[in-house]
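> Here is my input, please return the structure:
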Amino acid sequence: MLAQLPRERTRLLDNLGRLRRAAGPVTPEIADALADHMNVRRGEVHEVTSFYSFLQVPIDATRVCTGPVCACLGARALLAANPGAIEVPCLGHCDLAPVLMHGDEVVPPVTHRTNEGLSLGLHERDETLADYERRGGLAVLRNPPALERIVAELKTSGLTGLGGAGFPTGLKWEAVAREPPPRYVVVNADEGEPGTIKDRYVMELRPHLLVEATLLAMRALDCVEGYVYLREEYASARTRLAAALDDYREAGLMAGISIELVVGAGAYIAGEETAMLESMEGRRAMPRLKPPFPSEVGYLGRPTLINNVETLAHIPAILANGGAWWAGLGRNGEQGTRLWSISGAVARPGCYEAPNGIVLQELLDDYAGGLTGPAGAIVPGGAASGILPPSALSTPLTREALRDLGAGVGSAAVQVFPQSYSPLLLLAETMRFFAEESCQKCTPCRIGNRALHHLCEELREGEAVMPRWQVEEWLDAMEKTSICGLGQAAPLPVRNAFRHWPELFARSGRRRYDEPDGGSRRARPRRPGDQRAGG
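Okay, the predicted model is just below:
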């Protein structure tokens with residue numbers, strides 16, 4: 001098999017993944033053989049192999065997700081019922097919680113309910129390119145607007161990056177267009193934020209839509225090479241997307257253009273755009289310092305447009321109907337629609353297209369069938385978006401309204417937990433996830449997330465005695481000095497817990513977490529460099 005593998009350094013991760021799928025876990029002997037074949041230092045191949053968890057997983061392994069949503073719906077019992085199963089933090093199928101995968105297959109198999117009347121048109125059955133065109137697809141691709149008009153419509157629409165960062169899409173396209181060619185287009189399909197399933201739905205149910213949007217971007221920016229960096233757990237999406245690409249090739253719609261799938265290997269951090277580029281170039285997925293930004297120095301050092309799946313999926317409709325039309329679909333001062341991933345204690349978990357700015361209670365009632373019981377903690381937009389109390393149900397899901405609560409809309413992954421699931425346990429599991437998924441590159445994130453996880457566990461057992469001001473210093477340091485969004489956003493859930501559940505941070509009825517001396521509020525001790533005594 002080695003003799004058939006490409007030798008370019010950029011194919012290292014793909015080669016490792018192919019070997020793992022054919023032969024099982026990548027052993028040191030296999031890694032050395034691949035290094036010799038590709039003329040890469042053996043140590044560099046071992047670096048990459050050790051970084052990605054998937055490369056160590058047996059072919060027929062059984063994996064059980066024990067993330068918070070799965071945990072509150074019976075994951076531990078599922079794990080106990082499957083001796084030898086591997087415990088993992090997220091498998092990207094939160095609508096089916098608790099989730100078990102055997103090899104590449106979800107058990108039981110994935111099914112989708114039909115969602116009628118949505119502009120993205122999610123359907124249960126597989127669609128062909130002819131099906132897609134009959135419903136209005138390809139119209140924009142066959143008569144593409146000029147780049148200037150595309151940028152103008154995107155700016156008018158107010159479309160922003162829907163992976164969580166929220167950067168204006170029109171500005172990003174414009175920035176890449178200003179740079180000299182050659183340029184690249186990369187689709188970020190590595191959604192690893194717990195609770196987030198929207199990109200998976202698009203790729204499984206509307207793959208031709210994603211390919212059309214990607215081709216539009218490549219033609220507008222004069223790119224001949226494009227890539228889709230796909231999450232490893234999305235085997236079904238991989239199959240359907242590959243078939244859609246074949247359909248476009250057979251129809252003659254990709255002349256002079258190539259789009260390749262790059263399959264990740266189990267690293268949450270690879271969803272950060274610069275870490276993804278490092279992974280694509282055959283290295284560990286560790287974020288780069290910015291600036292320069294990928295629009296200037298991206299894949300292989302060239303200007304690169306990076307958009308996530310859902311962001312691209314809205315663009316054909318925006319160009320067909322106008323940016324003003326799309327902007328008008330929003331509510332409460334927000335623009336457009338988005339796909340909301342809804343999981344946990346609701347009647348119909350799934351992915352639903354609804355207006356930006358919709359009130360949380362309305363979203364849950366009108367789309368997900370309502371709550372299955374009294375709500376406890378609510379995560380409004382993925383693990384890094386914060387944790388809110390049940391009173392947030394009356395809140396519009398706008399940036400402004402959520403900012404007032406100390407949270408964010410993130411990747412629009414709404415997770416509802418029952419009252420029986422302690423907010424402190426949710427916080428502990430969230431920080432455990434961040435600690436395990438940190439790439440370890442920068443000290444604030446590497447040490448901070450691990451320490452916060454330990455602190456939450458101590459609080460659960462009533463043992464923590466650290467003063468509140470010291471934790472706040474940690475949070476400030478992580479927020480201001482971490483290299484990427486993982487370390488910068490990790491403090492949000494902790495601050496939410498301080499704000500909305502202060503009673504949880506008590507060691508006992510006599511001693512509070514922020515009262516380190518048995519209840520007496522001592523002044524903060526003076527430390528070297530302080531300009532004043534006390535706190």
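> Next one: Ile257 from Glu225, what distance?
8 Å (C-beta to C-beta, to the nearest Å). From N, CA and C alone the C-beta is placed, and that goes for glycine too.
> Leu91 now?
Separation of Leu91 from Glu225 (C-beta to C-beta): 31 Å.
> Name the residue in those two with the higher neighbour count.
Per other C-beta atoms under 10 Å, whichever of Leu91 and Glu225 has more neighbours is Leu91, with 24 against 17.
> Report the contact partners of that one.
Residues in contact with Leu91 (C-beta atoms under 8 Å, 6 or more residues apart in numbering) are Arg63, Cys65, Val99, Met101, Val106, Glu233.
> Closest one of these to Glu479?
When those are ranked by distance to Glu479 (C-beta to C-beta), Cys65 comes first, at 28.3 Å.
> and stretch 228-240, how far from the chain's centre?
How far stretch 228-240 lies from its chain's middle: 14 Å, per C-alpha atoms, centre = their mean, to the nearest Å.
> what does that stretch contact?
By C-beta under 8 Å, 6+ apart, stretch 228-240 touches 17, 54, 91-93, 101, 104-106, 110, 126, 186-192, 199-200, 203-204, 207, 210, 214, 241, 259-266, 270, 276, 279-280.
> Buried only: go through these for me.
For the contacts of stretch 228-240, a neighbour count by 16 or more other C-beta atoms under 10 Å gives the buried set as 17, 54, 91-93, 101, 106, 110, 186-192, 199-200, 203-204, 207, 210, 214, 241, 259, 261-266, 270, 276, 279-280.
> In strands, which of these fall?
Met101, Val106, Val186, Val187, Asn188, Ala189, Ile259, Leu261, Val262, Val263 (DSSP state E).
> any idea how far the fifth one is from Pro374?
With distances defined as C-beta to C-beta, the gap from Asn188 to Pro374 amounts to 37 Å.
> Kindly report the same for the last one.
Computed as C-beta to C-beta, the Val263 to Pro374 distance reads 41 Å.
> other SSEs contacting the longest strand belonging to the chain?
Longest strand of the chain, by residue count under DSSP E: strand 337-344. Counting contacts by 3 or more C-beta pairs under 8 Å, 6 or more residues apart in numbering; DSSP states H and E, strand 337-344 packs against helix 68-72, helix 198-205, helix 309-321, strand 350-355, helix 360-366, strand 413-418.
> 6 Å instead, please
Secondary-structure packing of strand 337-344 (3 or more C-beta pairs under 6 Å, 6 or more residues apart in numbering; DSSP states H and E): strand 350-355, strand 413-418.
> Quick check: which of the ones you listed is nearest to Gly382?
Counting by C-beta to C-beta, Gly382 lies closest to strand 413-418 out of the helices and strands packed on strand 337-344; the figure is 4.1 Å.
> Okay, now the sheet partners of that closest one, with direction.
strand 337-344 (parallel), strand 375-379 (antiparallel) (DSSP bridges).
> For Tyr250, grab the count of nearby residues.
Tyr isn't right for residue 250; it's Glu. 10.
> How about Arg446?
The local packing count at Arg446 equals 16, with neighbours defined by other C-beta under 10 Å.
> Let me know the helix or strand that it is in.
Taking DSSP states H and E as the criterion, Arg446 maps to helix 443-460.
> Which positions in that helix come out as buried?
Neighbour counts over helix 443-460 (16+ other C-beta under 10 Å) mark 444-453, 455-459 as buried.
> Stretch 156-170 now?
Thr156, Ser157, Gly158, Leu159, Thr160, Gly161, Leu162, Gly163, Gly164, Phe167, Thr169, Gly170.
> and those residues, which of them are in helices?
Of these, the ones assigned to helices by DSSP state H are Thr156, Ser157, Thr169, Gly170.
> give me the element the spatially closest residue to Arg21 that is not a sequence neighbour is part of.
Of all residues not flanking Arg21 in the chain, Ile59 sits nearest, at 6.8 Å (C-beta to C-beta, 6 or more residues apart in numbering). For Ile59, there is no host helix or strand (DSSP H and E).
> just to revisit the earlier point, now the contacts of Leu91 in JSON lines, please, with extra columns for distance to Gly84.
JSON lines is the format used below for the contacts of Leu91 (distance: C-beta to C-beta, whole Å):
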{"residue": "Arg63", "distance to Gly84": "11"}
{"residue": "Cys65", "distance to Gly84": "16"}
{"residue": "Val99", "distance to Gly84": "17"}
{"residue": "Met101", "distance to Gly84": "14"}
{"residue": "Val106", "distance to Gly84": "18"}
{"residue": "Glu233", "distance to Gly84": "19"}
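> Reformat those as TSV; add pLDDT.
What follows is the contacts of Leu91, written out as TSV (pLDDT from 0 to 100):
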residue	pLDDT
Arg63	95
Cys65	95
Val99	94
Met101	95
Val106	90
Glu233	93
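> got any ranges where the stretch 51-200 of the chain has weak pLDDT?
For the stretch 51-200 of the chain, applying pLDDT under 70 flags the ranges 109-125.
> make that the chain, sorry
Judged by pLDDT under 70, the stretches of the chain that qualify are 109-125, 464-466, 506-535.
> chain center to the very next helix or strand once past the helix holding Arg446, what's the gap?
The helix or strand immediately downstream of helix 443-460 is helix 468-481, counting by DSSP H and E. Relative to its chain's centre, helix 468-481 lies at 24 Å (C-alpha atoms, centre = their mean).
> quick check: angle from helix 468-481 to helix 443-460?
Relative orientation of helix 468-481 and helix 443-460, computed by axes from the mean of the first three to the mean of the last three C-alpha atoms, to 10 degrees: 150 degrees.
> Tell me which other helices or strands helix 468-481 touches.
If you count contacts as 3+ C-beta pairs under 6 Å, 6+ apart, helix 468-481 packs onto helix 443-460, helix 491-500.
> switch to 8 Å and redo it
helix 443-460, helix 485-489, helix 491-500.
> buried stuff in it?
Buried residues in helix 468-481 (16+ other C-beta under 10 Å): Arg468, Val471, Trp474, Leu475, Ala477, Met478, Glu479.
> Now do the same contact list for the second one.
Looking back up the chat, that one is Val471. Leu452, Leu455, Val494.
> okay if I get the residues you listed as TSV plus distance to Arg284?
Shown next, in TSV, are these (distance: C-beta to C-beta, whole Å):
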residue	distance to Arg284
Leu452	24
Leu455	28
Val494	27
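> thinking again about what came up before, just name the most buried of the strands paired with strand 413-418.
Of all the strands paired with strand 413-418, strand 337-344 has the most neighbours on average by mean count of other C-beta atoms under 10 Å, namely a mean of 26.
> Taking helix 198-205 as reference, get the angle to that one.
100 degrees.
> With just CA atoms, put strand 337-344 into CSV.
The C-alpha trace of strand 337-344 is given here as CSV (Å, rounded to 0.1, in the frame of the first residue of the first chain):
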residue,chain,number,x,y,z
THR,A,337,-31.5,32.8,9.1
ARG,A,338,-29.2,30.1,10.4
LEU,A,339,-29.3,26.4,11.2
TRP,A,340,-29.8,25.8,14.9
SER,A,341,-28.5,22.6,16.4
ILE,A,342,-30.9,21.6,19.2
SER,A,343,-30.2,18.7,21.6
GLY,A,344,-30.8,17.5,25.1
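> where's that strand relative to the chain centroid, distance-wise?
The answer for strand 337-344 is 13 Å, by C-alpha atoms, centre = their mean.
> Right, I'll leave it there.
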